[in-house]
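> model the structure of this input:
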Amino acid sequence: MPRPPRIPDRDWEDWRWQLRNRITSVGDLERYVDLSEGVRAGIQAASSQYRWAITPYYAALMDRDDPDCPLRRQQVPSAQELADDLGAEDPLLERDHSPVDAIVHVYPDRVAFKITNVCPTYCRYCFREYFVGNTGQHHTRAKVQAGIDYIARTPAIRDVLVTGGDPLLFSDERLDDLLGRLRAIEHVQIIRTGSRTPCTLPQRITPELCEVLSRHHPIWLNTHFNHPDEITPEAASACDRLLRAGVPLGNQTVLLKGVNDDPQVMLELVHRLLAIRVRPYYIFQCQLVAGTAHLRTSIESGLAIVQALRGHTTGFGVPTYVLDTPYGKVPLAPQYLLGRSGDEVVVRTWDGRIWREPNPLDSSPPAGMALADLDALRQPTDSGCRA
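A predicted model of the protein is given here:
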């Protein structure tokens, strides 16, 4: 990949060097991409309100000449961020669901454990605008301990998502200690984490880090690739090291205008993910975060993309499209079940054909379904379809 001259390989491949040399000024950024006067002014205006930082590795992936490069749109501040009438600082109201500073508890059996507000890069669409990067440091040990204590005294919690910020920016030693203390809690069955480091800082995925993770299985990890150009040989190698350490990988993509809101781009992304053994897991609707109006799409656009994937890639390569809300994630899907007609259900296949499937209703309703609900299902549906 292109990179500024005179940077030794030992530095470029050192994740700590990458963090120490993150790009936070127009002058530094111009070592990697060409900027017009208008773009420079936009960066200065937006950065007065919103933080930004980009690893040299990720900046080197950007198209030097294209101001609409999908990787630049994700990371480079823009004057468009200052024009947003709908955006909120905390659209998921996470602070309302935080019994202690580091914990977000929405679902009965699982929590998000925010151990740091530091990330390798600060994405322009981050839904934790209220939190990520505010102090540029990890949570204090006291706040982390308060989170562990909350989990330990809440037996209903069986699943802990270690998040942030980016939790893999903890040192190996501190991460090992944290995971060990979580694993010592008897009712914690699963530990998950989410990290953009395989995408924006693959140098962080060292053999030593993988050894730490392997000591605390079951550990699950979701990566965060949004565009095919992010899947480089370095990123693929980082994912391979995690997989060889026994860490299953999924991917969470955010639907972003001008980045991946195109069926062919999304299809190429899921195919490249599958090629490196990362399962596409979620496509997130971009949140109503302050400063993201220029990146948000309609939900209908997302539904059209998911429908375009179905039938054109492996079934497990089709991610679930979700809208995250203050009360949990809501799956969004194209409508394939058209209705019921007597003892048949009417469905639409991936290519638009109609199929009637013999499927008599049981005489007794499923557990939790009222008889009135069953009667409603038995009513014929005028679908306008022919067998």
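> where exactly do the strands run in the stretch 201-350 of the chain?
219-223, 249-255, 279-285, 320-325, 328-332, 337-341, 344-348 (DSSP state E, counting those that start in this stretch).
> got the ones you listed as TSV, with mean pLDDT, distance to Gly165 and mean neighbour count columns?
In short, each C-beta sits where N, CA and C put it, glycine included. Below are those laid out as TSV (pLDDT from 0 to 100; distance: least, Cβ to Cβ, whole Å; neighbours: other Cβ atoms under 10 Å):
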stretch	mean pLDDT	distance to Gly165	mean neighbour count
strand 219-223	98	15	22
strand 249-255	98	15	21
strand 279-285	98	17	21
strand 320-325	96	17	17
strand 328-332	95	20	12
strand 337-341	92	40	16
strand 344-348	93	42	18
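> now render the ones you listed as CSV, adding distance to Leu169.
CSV is the format used below for the strands of the stretch 201-350 of the chain (distance: least, Cβ to Cβ, whole Å):
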stretch, distance to Leu169
strand 219-223, 14
strand 249-255, 18
strand 279-285, 22
strand 320-325, 23
strand 328-332, 25
strand 337-341, 44
strand 344-348, 46
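> ok, which of the ones you listed comes nearest Phe170?
Proximity to Phe170 (Cβ to Cβ) singles out strand 219-223 among these, at 13.8 Å.
> which residues does the closest one contact?
With contact meaning Cβ atoms under 8 Å, 6 or more residues apart in numbering, strand 219-223 is reached by 179, 190-196, 198-199, 213, 239, 242, 246-252, 278, 281-282.
> now those residues: which count as buried?
Buried subset of those (neighbour count, 16 or more other Cβ atoms under 10 Å): 179, 191-196, 198-199, 213, 239, 242, 247-252, 278, 281-282.
> how far away is the nearest residue to Val144 once chain neighbours are set aside from Leu182?
Excluding the flanking residues, the one nearest Val144 by Cβ to Cβ, 6 or more residues apart in numbering is Ile115, at 5.7 Å. As judged by Cβ to Cβ, to the nearest Å, Ile115 and Leu182 stand 10 Å apart.
> give me the helix or strand of the protein that scores worst on average pLDDT.
Sorting the helices and strands of the chain by mean pLDDT, DSSP states H and E puts helix 371-378 at the bottom, at a mean of 54.
> low-confidence ranges in the stretch 251-387 of the chain?
363-387 (pLDDT under 70).
> quick check: closest non-adjacent residue to Ala83.
Per Cβ to Cβ, 6+ apart, closest to Ala83 is Ala293, 6.4 Å.
> name the nearest residue to the residue most central in space within the chain, ignoring sequence neighbours.
Against the mean C-alpha coordinate of the chain, by Cα atoms, centre = their mean, the closest residue is Gln252 at 3.6 Å. Spatial nearest neighbour of Gln252, excluding adjacent residues (Cβ to Cβ, 6+ apart): Tyr282 at 4.6 Å.
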